[in-house]
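Q: Predicted model, plus sequence, below.
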Amino acid sequence: SKGRIVAGVVLSLRRDARRAAHVAEHLRSALPKLAVLPAVDALVEGALETHLERRACEPRVDLDAWRSRALRDGLQREFHAPTRGQVACAATHCAAWRWMLDRSAPHLLVLEDDAEVSPGVAEAIALSLAELPADYDLLYLHVPPRFFRDDDGVRAYHHETGRELRHVCAAYECWSLTAYVVSAAGAAKLLDLCVEGLDAPLMAAANRAALDGRLKAFAPRTASAVDSRGALALAASPKTADRFFPSNVLLTPTWAPAAVVAVDEGGVE
């Protein structure tokens, strides 16, 4: 049934004691049936490379396309290549989608370990899912406040009756994979997207696919039932640092495949 979540996971960076405590004390307290999947750790030597080797390059990163896209977007040089954290983040989400498909789950709730859920999150998700068409791919559950929209330009309507949907709207520039529900078909499409080769961080690549119609995606119409403790600026502020987590994606070294490193060192022709 599309109105029932049959599985849910939280992606946990277990090395980080604060994040692990948040998962145990907040997320699994609010949603006790969540399975905890270990996040691929960008800062443990060899962990990312081993994961990619075992998982048939889920994801694959197209470094040339990444640099070209960054140049087109006018980004500073430091953003011309992915960080290890960005690649590990994508790998972790890929592992969650593979976990879902291996279990033949029709829908999967995915939470990153900095998600903060409201007491009514389960009901809010159920109401949103009940409005979605059977062939939906992705339902965003968290939209950063500065990007949130609920205007005529993003209205969604029932495909048969034409009735305006009360709980969801068409996806827009949501820029977050902190929390979402994905269908089995959506998970397969997202895996294909990653295997084809990422030229941008996963949240940007997925959002682009939602905007150009490759993913049938939706977003919440009301204030999000899920917030994030991963706000970079707030994590850096002395006044709010105790509530927010430093980024485990951006604040990591630049990533390069082993072969590229070997070329730089003169070891590969």
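A: Thanks, I have it. For clarity, every value in this text was computed on a predicted model and none was experimentally measured. Numbering: from 1, shown residues only.
Q: Phi and psi next, for S224.
A: Backbone torsions of S224, given as degrees, to the nearest 10, read phi -60, psi 140.
Q: Also the one 5 residues further on?
A: Reported as degrees, to the nearest 10, the phi and psi values for R229 are phi -100, psi 10.
Q: give me the number of residues near it?
A: 20 (other CB atoms under 10 Å). Glycine gets a C-beta too; all of them are placed from N, C-alpha and C.
Q: need the contact list for the nearest residue to it once chain neighbours are set aside.
A: In this structure, R229 finds its nearest non-sequential neighbour in D114, 4.4 Å apart by CB to CB, 6 or more residues apart in numbering. By CB atoms under 8 Å, 6 or more residues apart in numbering, the contact set of D114 is R19, H22, T178, S228, R229, G230, F244, F245.
Q: quick one: which of the residues you listed is most hemmed in?
A: Within the contacts of D114, most neighbours by other CB under 10 Å means T178, with 25 neighbours.
Q: Quick check: it touching V226?
A: Yes: when contacts are counted by CB atoms under 8 Å, T178 is listed as touching V226 (6.6 Å).
Q: what touches both of these two?
A: L111, A115, L141, H142.
Q: So what's the residue count around the third one?
A: In terms of burial, L141 registers 25 neighbours under the definition other CB under 10 Å.
Q: Surely it and A225 touch.
A: Yes: if you go by CB under 8 Å, L141 and A225 touch, sitting 6.6 Å apart.
Q: Need the overlap of contacts for those two.
A: I125.
Q: Go ahead and confirm A124 touches V181.
A: No: judged on CB under 8 Å, A124 makes no contact with V181 at a distance of 11.0 Å.
Q: Counting neighbours, go ahead and name the busier of those two.
A: Neighbours per residue, other CB under 10 Å: of A124 and V181, the larger number sits with V181, 23 against 20.
Q: Can you report phi and psi for the more buried one?
A: The phi/psi pair for V181 (degrees, to the nearest 10) is phi -110, psi 130.
Q: Could you pull up the residues touching it?
A: Taking CB under 8 Å, 6+ apart, one finds I5, H107, L108, L109, V110, I125, S128, L129, L138, L139, L141 in contact with V181.
Q: mind giving me TSV with those residues and columns for pLDDT, secondary structure and distance to A171?
A: Shown next, in TSV, are the contacts of V181 (pLDDT from 0 to 100; DSSP: H, G, I helix; E, B strand; the rest coil; distance: CB to CB, whole Å):
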residue	pLDDT	secondary structure	distance to A171
I5	56	coil	19
H107	94	strand	17
L108	96	strand	17
L109	96	strand	17
V110	98	strand	16
I125	92	helix	16
S128	93	helix	12
L129	93	helix	15
L138	97	strand	7
L139	97	strand	9
L141	95	coil	12
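Q: quick one: which of those residues is nearest to V195?
A: Nearest to V195 among those is L138, at 17.4 Å by CB to CB.
Q: Now for the closest residue to that closest one other than its chain neighbours, how many residues are close by?
A: Spatially, and ignoring its direct neighbours in sequence, L138 is nearest to A217 (4.2 Å; CB to CB, 6+ apart). Look at A217: counted by other CB under 10 Å, it has 24 neighbours.
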